[in-house]
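J.: Predicted model follows, preceded by the sequence.
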Protein chains: 2
Amino acid sequence: MLQPFDDTYFMRKALQEAELGLTKGEVPVGAIIVCNGQIIAKGHNQVETLNDPTAHAEMLAFTAATNFLGSKYLKDCTLYVTLEPCQMCAGAAFWTQIGRIVFGAADEQRGFQHWHCKVHPKTDVTGGVLATESEALLKQFFMQMRRG
Amino acid sequence: MLQPFDDTYFMRKALQEAELGLTKGEVPVGAIIVCNGQIIAKGHNQVETLNDPTAHAEMLAFTAATNFLGSKYLKDCTLYVTLEPCQMCAGAAFWTQIGRIVFGAADEQRGFQHWHCKVHPKTDVTGGVLATESEALLKQFFMQMRRG
């Protein structure tokens, strides 16, 4: 059966958020949260813009999604994020008990899986969706940084 | 030499924040951030009030402190928090590269040390300061909860 709204579709939406971050000089990471096939929250990394080390894409999306739903929990939701979440974001995901996490590129330096961090036992995790596109954006950012 | 502004002094300030949370029906956890002997940020758990699972005392204090200093980093600061930070808050502390973390009660269920989470390698950690007072506040909260 044709699945127009699959993981790739939603990851492309997260990539659009990451691209928005790139235009602002942020490390380009984007996140969206989907509930019953609808995007209920979006976020891109805003650490530089807000001068706030906690302003990762996922954190902003968690806050927006819980606000939208009026619930502390996101059990029936999926987080799409272009880069493997860090320890902080995995910890936040734990508190939300989010149903599913789908990420793009692996983060061997700071990723929660590489650091053996926990998410909620009921959270399903899938990695590697549009990883190449996500990595290409990150490379573009770091190339720009080096050029000054 | 007399040290009026020692760890106990600042932890009492964090406990006052926790008490403020208790009056709002929050799990009573309080945090303050100190830089050069001055309190530059305060926070208490606001998960229920803000309906936001990321609104832990430490997270709110990190955001306030980085905003106050105009810096993403808190290298010369100390976080005083009444309860051992969780994975999320330890992850946020990692990003701030905070110089020191002093906590009160240990959290055997969710504490970052019990979960073997990382803080920044340059962050010094001290636990157990006014732990009994912090535990008493938490017990008071959970007794109130049970009474309905």
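T.: Arrived safely, thanks for sending.

J.: Show me the shaky parts of chain A.
T.: A:1-2 (pLDDT under 70).

J.: Would you mind stating the distance between residue A:96 and chain B?
T.: Counting by C-beta to the nearest C-beta, to the nearest Å, the gap from residue A:96 to chain B is 5 Å. The C-beta positions use only the backbone N, C-alpha and C, and glycine is treated the same way.

J.: That residue: neighbour count?
T.: For residue A:96, the number of neighbouring residues by other C-beta atoms under 10 Å in any protein chain shown comes to 25.

J.: how about it, what does it touch?
T.: Going by C-beta atoms under 8 Å, 6 or more residues apart in numbering or on different chains, residue A:96 touches A:62, A:65-66, A:72-74, A:77, A:120, B:53.

J.: please redo it, this time with the cut-off set to 6 Å
T.: A:62, A:74, B:53 (C-beta atoms under 6 Å, 6 or more residues apart in numbering or on different chains).

J.: which element is the first one on?
T.: In other words, residue A:62. Under the criterion of DSSP states H and E, residue A:62 resides in helix A:57-69.

J.: before we move on, back to that, of the contacts of residue A:96, which is the nearest to residue A:9?
T.: Closest to residue A:9 out of the contacts of residue A:96 is residue A:74 (19.6 Å), distances taken as C-beta to C-beta.

J.: Need the three-state assignment for the closest one.
T.: coil (DSSP: H, G, I helix; E, B strand; the rest coil).

J.: isn't it right next to residue A:98, touching?
T.: Yes. The pair formed by residue A:74 and residue A:98 meets the contact definition of C-beta atoms under 6 Å, at 4.3 Å.

J.: The next helix-or-strand element following the helix holding residue A:62 to helix A:57-69, inter-axis angle?
T.: Once the chain leaves helix A:57-69, the next helix or strand it forms, by DSSP H and E, is strand A:77-83. Between the axes of strand A:77-83 and helix A:57-69, defined by axes from the mean of the first three to the mean of the last three C-alpha atoms, to 10 degrees, the angle is 160 degrees.

J.: In a markdown table: the contacts of residue A:96, plus neighbour count and distance to residue A:88.
T.: Below are those laid out as a markdown table (neighbours: other C-beta atoms under 10 Å in any protein chain shown; distance: C-beta to C-beta, whole Å):
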| residue | neighbour count | distance to residue A:88 |
| --- | --- | --- |
| A:62 | 28 | 11 |
| A:74 | 27 | 16 |
| B:53 | 23 | 13 |
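
J.: Out of those, which is nearest to residue A:84?
T.: Nearest to residue A:84 among the contacts of residue A:96: residue A:62, at 16.0 Å, using C-beta to C-beta.

J.: Residue A:130 versus the closest one, what's the distance?
T.: Distance of residue A:62 to residue A:130, given as C-beta to C-beta, to the nearest Å: 21 Å.

J.: can you check residue A:27 too?
T.: Residue A:27 sits 17 Å away from residue A:130 when distances are taken as C-beta to C-beta.

J.: Same question for residue A:10.
T.: The gap separating residue A:10 from residue A:130 is 10 Å, by C-beta to C-beta.
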